[in-house]
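Asker: here you go, sequence then predicted model.
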Amino acid sequence: MSSSLELITIGTELLLGFTLDTNGAEIGRALANIGVRITRRTSVSDDPDAIRDAVSGALARTGMVLTTGGLGPTADDITKRVVAEFFGMPLDFQQEIWESIVARFTRIGRVPSAANRSQAEVPRGGTVLPNRWGTAPGLWLEGDPGIAIMLPGVPTEMRMLLEHEVVPRLSARADGTIIRSRTIRTAGIAESSLAERIGPIEEELKPLSLAYLPGTHGVDLRVTSWNLPAAEADRRLLEIAVVLRQRAGEFVFGEDDDDLARLVLDAARAARVRIATAESCTGGLVGGRLTAIPGSSDVFVGGIIAYDDAVKREQLGVPSSLLAQHGAVSEAVARAMAEGAAALLGVEASVAVTGIAGPGGGTEEKPVGLVWFAVSVKGVTSAARFLVPGNREDIRARAAQMALFNLRKALISAGA
């Protein structure tokens, strides 16, 4: 079996919500790659009793704990002292560490304060994990309670110490198995409908596990291999990925970290077309997604944010009669917006979005969340209607994703 540990993130600011904890995700991914499983993740305040209880409980359950935060020079940075006391290791001042701290401050034209001296104190018998990226070294303690690994809370410092100091030490203790995942990404289908398409697959999956992860981007299917050798894990993950792609069908757009906007740009290049956008309810989100990708300017020309009907008429050439007869949120207007954007910006492909993002403005016939999309590629225009769930922010984000999804499908067909 692979080893396991518990993760404790320390800092009152985390509990108050003023600081977003990104360290937990980084640590989880890094440790999974070497077969170390995080069995529990806890956040506690800068309180000695809370830290002591969390650390003692974690060590009692797994024998190994990794903490982040509380290694700085200020009064609320108490992790090192509390954990050292729990292990029965008094703190000793190490001149070598202090000199490295002074040298680092000198390089940036500053002088360390007296408070920084506490960062040169090390639990007697503990191992120092040198921090070349900051002033607070990491620490590795081993004793009767188990193993405690303490890292700074600053994300850059934590990440580098994890990579260069912690992972190599844990790898040396590992048994050669890993925890590895593979993700199939879908859009345009609800979680329940996707589950029906996938069907009963648990027996076929064993010893792997499958999780459905819905979000504004769509639904991810994440399959995970636990405690298998790397080659076997990769083989099983590939086999199941093929099955999942087949069952999810046309709703699959990529795997793992694939960004739909990047895939749209790739499809446009393959089809040898340039693209433009015409957006109403999404207010530029589609264009923003595309321009966030480096190199997008070779195929993405620009877009029109036609929020007001006057812009739809005057910029995109949507006939007043269509707006009057069908309303701005309609198939006819979406089609006219897409064709108008293509003509105005001189491109071969375009996508249009018009909808009701709410929270007001909906009717029984056209409720909040109703969105019409239209895609025009090489003179052929198609449209689709979706009822998108969520609040205003969710509806806009989901609508932008669906616009990209529909555009990519049309581009792939045009390039085939």
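Answerer: On my side now, so go ahead.
Asker: now the helices for the stretch 51-200 of the chain?
Answerer: For the stretch 51-200 of the chain, applying DSSP state H, counting those that start in this stretch gives helices covering 79-87, 95-107, 155-161, 167-173, 191-198.
Asker: hey, which of these is tucked in deepest?
Answerer: Per-stretch averages of neighbours, counted by mean count of other Cβ atoms under 10 Å, single out helix 79-87 among the helices of the stretch 51-200 of the chain, with a mean of 22. Every residue, glycine included, has its C-beta placed from N, CA and C.
Asker: for the record, mean pLDDT for that helix?
Answerer: Mean pLDDT, helix 79-87: 96.
Asker: how far does it sit from its chain's centre?
Answerer: Centroid separation between helix 79-87 and its chain, computed with Cα atoms, centre = their mean, to the nearest Å, is 33 Å.
Asker: elements contacting that helix?
Answerer: helix 48-62, strand 91-93, strand 121-123, strand 138-143, strand 146-151 (3 or more Cβ pairs under 8 Å, 6 or more residues apart in numbering; DSSP states H and E).
Asker: before we move on, back to that, would you reformat the helices of the stretch 51-200 of the chain as TSV and include distance to Pro145?
Answerer: Compiled in TSV, the helices of the stretch 51-200 of the chain are given as follows (distance: least, Cβ to Cβ, whole Å):
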stretch	distance to Pro145
helix 79-87	6
helix 95-107	24
helix 155-161	22
helix 167-173	17
helix 191-198	43
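Asker: of all those, which one is nearest Thr127?
Answerer: Proximity to Thr127 (Cβ to Cβ) singles out helix 167-173 among these, at 8.6 Å.
Asker: quick one: Asp175 from Gly35, how far?
Answerer: 7 Å (Cβ to Cβ, to the nearest Å).
Asker: okay, those two: which has more neighbours?
Answerer: Gly35 (26 against 11; other Cβ atoms under 10 Å).
Asker: isn't the more buried one right up against Ala174?
Answerer: Yes. Applying Cβ atoms under 8 Å, one finds Gly35 in contact with Ala174, separated by 4.8 Å.
Asker: in which helix or strand would I find the nearest residue to Glu204 once chain neighbours are set aside?
Answerer: Excluding its sequence neighbours, the residue lying closest to Glu204 (Cβ to Cβ, 6 or more residues apart in numbering) is Val243, at 7.1 Å. Assigned by DSSP states H and E, Val243 belongs to helix 230-248.
Asker: swap in Ala383?
Answerer: Counting by DSSP H and E, Ala383 is found in strand 380-387.
Asker: buried set for that strand?
Answerer: 381, 383-384, 386 (16 or more other Cβ atoms under 10 Å).
Asker: what is the mean pLDDT for that strand?
Answerer: On average, the pLDDT along strand 380-387 is 96.
Asker: just checking, what packs against the helix or strand following that strand?
Answerer: Going down the chain from strand 380-387, the next helix or strand is helix 392-415, by DSSP H and E. In terms of contacts (3+ Cβ pairs under 8 Å, 6+ apart), helix 392-415 is packed against helix 260-271, strand 275-279, helix 285-291, strand 349-355, strand 370-377, strand 380-387.
Asker: can we see that at 7 Å?
Answerer: helix 260-271, helix 285-291, strand 349-355, strand 370-377, strand 380-387 (3 or more Cβ pairs under 7 Å, 6 or more residues apart in numbering; DSSP states H and E).
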